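Undergrad: Got a sequence here, can you model it:
(one chain, ligands or ions: 1)
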Amino acid sequence: MREISGRTKTVALFGYPVEHTKSPHMQNAAFAETGIDGCYIAFSVSPGELSGAVQAIRSLGMLGVNLTIPHKEAVLPLLDEIDPEAVFIGAVNTIVNRNGRLCGYNTDGRGFMRSLAEAGIAVAGKRVFMLGAGGAARAVGYYLVQEAASLIIANRTKDKAEQLAADLDRLRPVVSVIASSDPGYAALCGEVDIVINTTSLGLKEGDALPIDSAFFNPRHTVCDLIYHRTPMLQAASSQGARIIDGSGMLLWQGALAFELWTGQPAPVDIMRKALGD
Ligand code: ATR
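TA: Numbers count the residues shown, from 1 in each chain. Have a look, this model is predicted:
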């Protein structure tokens, strides 16, 4: 452990709960590698304490924070400036303290795209099928829509899919919605290149698959934002599809946040190794 001195700058995670986060391990490895005199601590902040905790970023002179469940949306009105991408997503996962001005960003969507690029997967010109229409779908959809040939959204609650599709379609008109009851649903499998699960199905043992396990074929690239190899990814892999789990997104959203706080390139390989420890 590096020594903490009077000059050490602090970054924190605000969440509720935070006990299982890997971010301190990953970010402290980055501080150690770069020699930047900083440290990263996780704070369990209940919803009622969020506004006081955000004020503490200023009063304690912290470099910034990460936010996780349940604070990503609730924090918006407490900030001085919000990046346009985070405004669209309606959620902030990173705050940078610029001399007392708190600026909000969302690095999740860009992190996901970097994880795809790193795996050699180009979205440009591809037909993308996205499962889910919640906050995570909005974050990755913001980027997918800018590059994909088409983006099809399916969600349990169709109204939410339609709202997200309308918002994304305004950025680039390539978006549509499909219901699993639609007669064209089965044919989709032959028509899409990339399938992305943004729903929470697969987080817990015993969860149903977010899509029929027979859907996949070897031409598909199948991604899950969940950090581990979910049953959906296992099914896709056994049918010859290329699979990508959410661990790359976790890494890259953290690397992008590190760069926002420090203004320096993140030591990505060291951070990746820390995540795998
Ligand atoms: P996140 O920020 O992780 O995206 P969220 O905004 O609560 O979380 O969104 C969760 C997503 O998972 C939604 O698309 C949700 O579908 P609904 O809009 O119909 O709620 C989806 N989801 C969660 N549990 C589900 C389930 N049991 N079956 C199908 N979809 C589910």
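
Undergrad: Got the confidence number for the residue most central in space within the chain?
TA: In the chain, the residue lying closest to the centroid (Cα atoms, centre = their mean) is Asp108, at 3.0 Å. pLDDT recorded at Asp108 is 97.

Undergrad: same check, this time on Met1
TA: The per-residue pLDDT of Met1 was computed as 60.

Undergrad: same check, this time on Phe258
TA: Looking at Phe258, its pLDDT reads 98.

Undergrad: wait, isn't it in contact with Ser23?
TA: No. Between Phe258 and Ser23 there is no contact under Cβ atoms under 8 Å: 10.2 Å. C-betas here are computed from N, CA, C, even on glycine.

Undergrad: returning to that earlier point: for the closest residue to the residue nearest to the centre of the chain other than its chain neighbours, give me its contacts.
TA: Once flanking residues are discounted, Asp108 sits nearest to Ala139: 4.2 Å by Cβ to Cβ, 6 or more residues apart in numbering. Neighbour list for Ala139: 89, 91, 106, 108-109, 112 [criterion: Cβ atoms under 8 Å, 6 or more residues apart in numbering].

Undergrad: What helix or strand is Ala139 located in?
TA: With elements delineated by DSSP states H and E, Ala139 resides in helix 135-147, which encompasses its position.

Undergrad: again, but for Leu50
TA: Using DSSP H and E, the secondary-structure element containing Leu50 is helix 50-59.

Undergrad: can you pull out the helices in the stretch 151-277 of the chain?
TA: 158-171, 188-191, 231-238, 247-262, 268-276 (DSSP state H, counting those that start in this stretch).

Undergrad: elements contacting the longest one?
TA: What that stands for is helix 247-262. In this structure, helix 247-262 makes packing contacts with helix 23-34, strand 64-67, strand 94-98, helix 108-118, helix 268-276, judged by 3 or more Cβ pairs under 8 Å, 6 or more residues apart in numbering; DSSP states H and E.

Undergrad: Ok, the first one next?
TA: When contacts are defined as 3+ Cβ pairs under 8 Å, 6+ apart, helix 158-171 packs onto helix 135-147, strand 150-154, strand 175-177.

Undergrad: just so I know, which of the ones you listed lies nearest Phe129?
TA: strand 150-154 (4.9 Å; Cβ to Cβ).

Undergrad: That closest one vs the ligand: in contact?
TA: No. Strand 150-154 lies apart from the ligand when judged by Cβ under 6 Å from any ligand atom; the minimum separation is 9.3 Å.

Undergrad: ok, now which ones touch the residue nearest to the centre of the chain?
TA: For Asp108, the contacting residues are 89, 91, 93, 136, 139-140, 249, 253, by Cβ under 8 Å, 6+ apart.
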